[in-house]
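> what's the 3D shape of this:
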Amino acid sequence: MRLKRLAPLLATAGLIATTVPLLTSTQAAAAPTADHLRQKPAWHRCDPEQPASYECATLKVPLDYRRPDGRTIDIAISRMKSENPAERQGVLLLNPGGPGGSGLDLPLLMNGLMPKNVRDGYDLIGFDPRGVGASSPITCGLNDAEQRFERAYRPETFSSDVTWARTVADKCREKAGDVLPHITTRNTARDMDTIRAVLGERKMSYLGYSYGTYLGAVYSQMYPERTDRFVLDSGVDPQRIWRGMIQVWATGAEPAFARWTQWAAQRSAEYGLGETPGAVSDTFWGLVERADREPIDFEGMKVDGDMIRAARAVFFHPAQATPLVSALKAAAEGRPQPAGADPKELKLQLTGRTAEQLPTDNSTAVFWAVACGDTGSWPRYTEQYERDAAKDKVKYPLYGDFASNIKPCAFWDRPVEAATPMHKRANVLTVQNEWDSQTPLTSGEGLHRALKGSRMVLAAGAEGHGVYLFDTASCANAPVNEYLATGRLPARDVTCQNPPAGAEERGAAPAKPVPFPGAPGRF
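Next comes the predicted model:
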């Protein structure tokens, strides 16, 4: 989930009924004679600078599946075919997360990462979900300030937070109001089934990360008979969509912060943040208080206390968080930066941005369309957000008020459909790192519980958002490879130790070859 400062997503009352009739799976899946199911992809080389085997095509799908002969939108797809037809067993659809992440280039990336016995079994299929990238992209016309949703709760600024949330909802409605109601997870699942159908496949296999786990779970419930080998990596809890998933960032950050204080205290001689976890914590909160009084000049950027707290995702990686806090402390005290510090990299960690981010609101627009359009559970009264944010600022001091503060969904139009119930058996494999900042362990466990028949692979001790192929040394890779190659789930849930016993300690996050959309903040 918001994997542009997205990063980073309700367990309140039941879904609010809408006046629009709900669609059943049967109604939603248009009749087999529908035009969009009869089309044939016109494959062509995606890019002359890329291998000829990396092919692209564009499909037409209904904007509204209740009206299959009505207005259509584009869905951009890509593929790299199996080089061993004798071993090919089907297609493997790929999704990188989001909502709002582009997956068109994932076949190109995965082609070089998967072991041969897995890779030979599939045509790898990428796609940009509806509204994203090359798939009839939407925009809300938001400027940079309007895209930033991490807003600390303060009584004196809450009215401006309400204005921001209402402005985002209004601008999205003005720019894309006729499309927004149809940019949902259920409709993207229907698009996935259209992809399956036009490729001539009876069933489909799938690898989805982060938000892609919820998308895969929804598909498994809407089309259980077409669900083959599904790997759901870094799980979204279906019971928490979507406010609860944002709030779990706050609850998950507290144990990660405590773990970080222990790590930093053990290295007090190197970083000078305190000799005990309590002393490290005092140093951190003293730095936050100081920055709130007078922002810290950090490499030309003014850093206040709220900016420091908003970097909560970095504390899941103690070896990243400790140099960052040490550098901020040095800047606050007017001292030179510690030896070996990379100011550019530290600023990226602090802001949660990546050098590759494009100045566009497309992923943000899709993020809110899905988060607000998937469920009617968002509170509609500003007072509830204010009460929750004030309470959670005390209960979860690092990030609680950011998570519970008001969001544009408070002013969004009512969803066309209710959220997808998780009632049907799903023989899928869920995968999770123990220390995941975006979809914390409790969320991954919630996904596993919701999908009856699933098995879970837990990489104990592992850090980072994204497991399979993100870290070539991950102990989770082997059981995932086995499942994708054979289709056999483990007999029981698997917990493995990462790093393996006896390996050199690793505190930093592993390299992530799979690009999530934007910086920590989305799923």
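> Name the surrounding residues that touch the strand or helix carrying Asp306.
Using DSSP states H and E, Asp306 falls within helix 305-310. Applying CB atoms under 8 Å, 6 or more residues apart in numbering, the set of residues contacting helix 305-310 from outside is 150, 152, 284, 287-292, 328, 350-352, 397-399, 402. For every residue, glycine as well, the C-beta is placed using N, CA and C.
> Buried subset of the residues you listed as a PyMOL selection?
To isolate the buried members of the contacts of helix 305-310 in PyMOL, using 16 or more other CB atoms under 10 Å:
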select buried, resi 150+152+284+287+288+290+291+328+350+351+352+397+398+399+402
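> Just the ones of the contacts of helix 305-310 in helices?
Judged by DSSP state H, helices contain the following of those: 284, 287-292, 328, 350-351, 402.
> which one among those gets closest to Lys81?
Lys81 lies nearest to Thr351 out of the ones in helices among the contacts of helix 305-310, by CB to CB, at 40.1 Å.
> Could you check how many residues crowd around Arg50?
In this structure residue 50 is Gln, not Arg. Per other CB atoms under 10 Å, the neighbour tally for Gln50 reads 15.
> contacting residues around the nearest residue to it once chain neighbours are set aside?
Leaving aside its sequence neighbours, Gln50 sits nearest to Leu108 (CB to CB, 6 or more residues apart in numbering; 6.4 Å). Residues near Leu108 by CB under 8 Å, 6+ apart: 50-51, 54, 78, 80, 126.
> so Leu108 is in which element?
helix 106-111.
> Please point out which parts of that helix sit buried.
106-110.
> Stretch 165-179 now?
Using 16+ other CB under 10 Å as the test for burial, stretch 165-179 gives 165, 168-169, 171-173, 175-176, 179.
> one step back: identify those among the contacts of Leu108 that sit within strands.
Secondary structure from DSSP state E places 78, 80, 126 of the contacts of Leu108 in strands.
> In CSV: the residues you listed, plus neighbour count.
Converted to CSV, the ones in strands among the contacts of Leu108 look like this (neighbours: other CB atoms under 10 Å):
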residue, neighbour count
Ser78, 24
Met80, 23
Gly126, 26
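> from those residues, which is closest to Ala319?
Proximity of these to Ala319 was ranked by CB to CB; the top entry is Gly126 with 32.3 Å.
> Distance of the closest one relative to Leu350?
Per CB to CB, to the nearest Å, Gly126 is found 32 Å from Leu350.
> do the same with Cys409
Noted for Cys409: a distance of 27 Å to Leu350, by CB to CB.
> Would you mind writing the CA trace of the helix holding Leu108 as CSV?
This file holds the C-alpha atoms of helix 106-111, laid out as CSV (Å, rounded to 0.1, in the frame of the first residue of the first chain):
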residue,chain,number,x,y,z
LEU,A,106,7.8,-6.2,-14.3
PRO,A,107,8.2,-9.0,-16.8
LEU,A,108,11.5,-7.5,-17.9
LEU,A,109,12.7,-7.3,-14.3
MET,A,110,11.4,-10.6,-13.1
ASN,A,111,12.8,-12.4,-16.2
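> what secondary structure does the residue nearest to Asn477 when sequence neighbours are not counted sit in?
Once flanking residues are discounted, Asn477 sits nearest to Tyr468: 6.2 Å by CB to CB, 6+ apart. Of the three states, Tyr468 takes coil under DSSP: H, G, I helix; E, B strand; the rest coil.
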